[in-house]
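# below is the sequence, then the predicted model.
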Amino acid sequence: MHYETITLEIAERVGILTLNRPEVRNALNTQMRAEITHAVRRAGKEARVVVLTGAGQAFCSGQDLGDRVNAANINIERTLRDEYEPMLAEITSCPVPVIAAVNGAAAGAGANLALACDVVIASENAFFLQAFTRIGLIPDAGGTWFLPRQVGLARAMGAALFAEPVSAMQAADWGMIWEAVPEAEFDSRWRARAAYLANGPSQAFARVKRALRASFDNDLEAQLKLEARLQGECGRSRDFKEGVLAFVEKRKARFEGR
């Protein structure tokens with residue numbers, strides 16, 4: 001598939017998906033959502049880690065309100081169901097870790113696109129903005145699900161109601177993201193993190209994702225049963241055998257993955 005609104009580079013087990021509409025701060029339109037969905041699915045099969053980042057100064061400014069002739073008359077519910085839900089599902093169910101490398105502003109649906117990823121690494125000059133109430137809407141693209149789970153109800157409510165930007169440093173302090181990195185170190189940091197995951201125990205990483213995401217819907221008994229089943233699968237993997245052998249031999253493990 002030829003991409004027009006994004007780029008996808010797969011090298012050394014890392015798939016880098018770059019939102020590539022810098023002239024509109026990487027705002028999401030119908031085509032971009034479809035291309036992200038396709039690219040994440042492809043990278044999840046061909047790479048061992050996927051990175052989402054943005055071209056230019058912004059990560060993603062959210063829904064492109066100029067994408068339609070009359071934005072006020074669009075069927076928002078249908079757009080969310082037909083375009084956003086498949087995109088977010090592809091990210092959250094991706095069999096490999098997905099990193100959001102947030103290089104700048106992440107606003108509206110762009111903020112929640114980042115929060116859907118497994119790990120968010122942001123430049124200190126970035127910020128997250130639940131801008132929806134500014135135009136009479138509620139947080140969507142998973143925002144009402146991700147935010148309260150990541151930062152608690154009080155902070156999620158304030159971020160949604162006041163629609164004020166949350167700096168990368170503040171987001172890291174709140175637990176909204178994994179880390180905020182000085183701008184000069186940002187590129188090398190996310191690339192190093194991606195390389196670590198690309199060369200790690202991919203079977204374990206896939207099951208970490210499944211277990212942690214399932215924990216919000218399970219009671220303790222169900223989660224313990226899921227842990228046992230997934231751990232059993234890990235214990236039968238080549239990665240586990242290699243990890244134990246490397247520990248015994250006092251060397252770095254060489255995980256072959258899938």
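Received the coordinates, thanks. Nothing here was measured: the structure is a model prediction, and the numbers come from that model.

# can you count the residues close to residue 21?
Residue crowding around residue 21 was assessed by other CB atoms under 10 Å; the count is 22. C-beta: built from backbone N, CA, C; applies to glycine.

# what pLDDT is listed against the closest residue to it other than its chain neighbours?
Nearest non-adjacent residue to residue 21, counting by CB to CB, 6 or more residues apart in numbering: residue 5, 5.5 Å away. pLDDT for residue 5: 98.

# so residue 5 is in contact with residue 23, correct?
No - when contacts are counted by CB atoms under 8 Å, residue 5 is not listed as touching residue 23 (11.1 Å).

# helices of the stretch 151-258 of the chain, start to end?
153-162, 168-174, 183-198, 202-214, 220-235, 238-248 (DSSP state H, counting those that start in this stretch).

# and residue 50, which of these is closest to it?
helix 183-198 (8.6 Å; CB to CB).

# residues in contact with the closest one?
If you take CB atoms under 8 Å, 6 or more residues apart in numbering as the criterion, helix 183-198 is touched by 12-14, 16, 47-49, 51, 53, 96-97, 99, 101, 103, 119, 121-125, 179, 181, 205.

# now the angle between helix 202-214 and that helix, please.
Helix 183-198 runs at 110 degrees relative to helix 202-214, counting by axes from the mean of the first three to the mean of the last three CA atoms, to 10 degrees.

# what about residue 169, how many residues nearby?
Using other CB under 10 Å, residue 169 has 15 neighbouring residues.

# how's the protein carved up into domains?
Taking automatic domain parsing as the criterion, the chain consists of the domains 6-198, 202-248.

# between those domains, which one is nearest to residue 254?
domain 202-248 (6.3 Å).

# where's that closest one relative to the chain centroid, distance-wise?
Taking the mean of its C-alpha atoms, domain 202-248 sits 21 Å from the chain's own mean (CA atoms, centre = their mean, to the nearest Å).

# and if you look at stretch 131-139?
Centroid separation between stretch 131-139 and its chain, computed with CA atoms, centre = their mean, is 22 Å.

# give me the below-cutoff pLDDT ranges for the stretch 1-150 of the chain.
Within the stretch 1-150 of the chain, the ranges that satisfy pLDDT under 70 run 67-74.

# go through the domains of the chain and pick out the most buried.
Ranked by mean neighbour count under mean count of other CB atoms under 10 Å, the domains of the chain are led by domain 6-198, which reaches a mean of 19.

# now the strands for the protein?
Taking DSSP state E, the strands of the chain run over residues 6-11, 14-19, 49-54, 58-60, 98-102, 105-107, 119-123, 127-129, 166-167, 179-181.

# what packs against the fifth one?
Put plainly, it is strand 98-102. Identification of packing neighbours for strand 98-102 by 3 or more CB pairs under 8 Å, 6 or more residues apart in numbering; DSSP states H and E yields strand 49-54, helix 109-115, strand 119-123, helix 183-198.

# and the longest one with strand 49-54, angle?
Between the direction of helix 183-198 and that of strand 49-54, the angle (the same axes, to 10 degrees) works out to 150 degrees.

# any chance of the strands of the chain in a markdown table, with distance to residue 39 too?
Shown next, in a markdown table, are the strands of the chain (distance: least, CB to CB, whole Å):
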| stretch | distance to residue 39 |
| --- | --- |
| strand 6-11 | 5 |
| strand 14-19 | 5 |
| strand 49-54 | 8 |
| strand 58-60 | 14 |
| strand 98-102 | 11 |
| strand 105-107 | 18 |
| strand 119-123 | 18 |
| strand 127-129 | 23 |
| strand 166-167 | 27 |
| strand 179-181 | 24 |
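
# okay then, goodbye and thanks.
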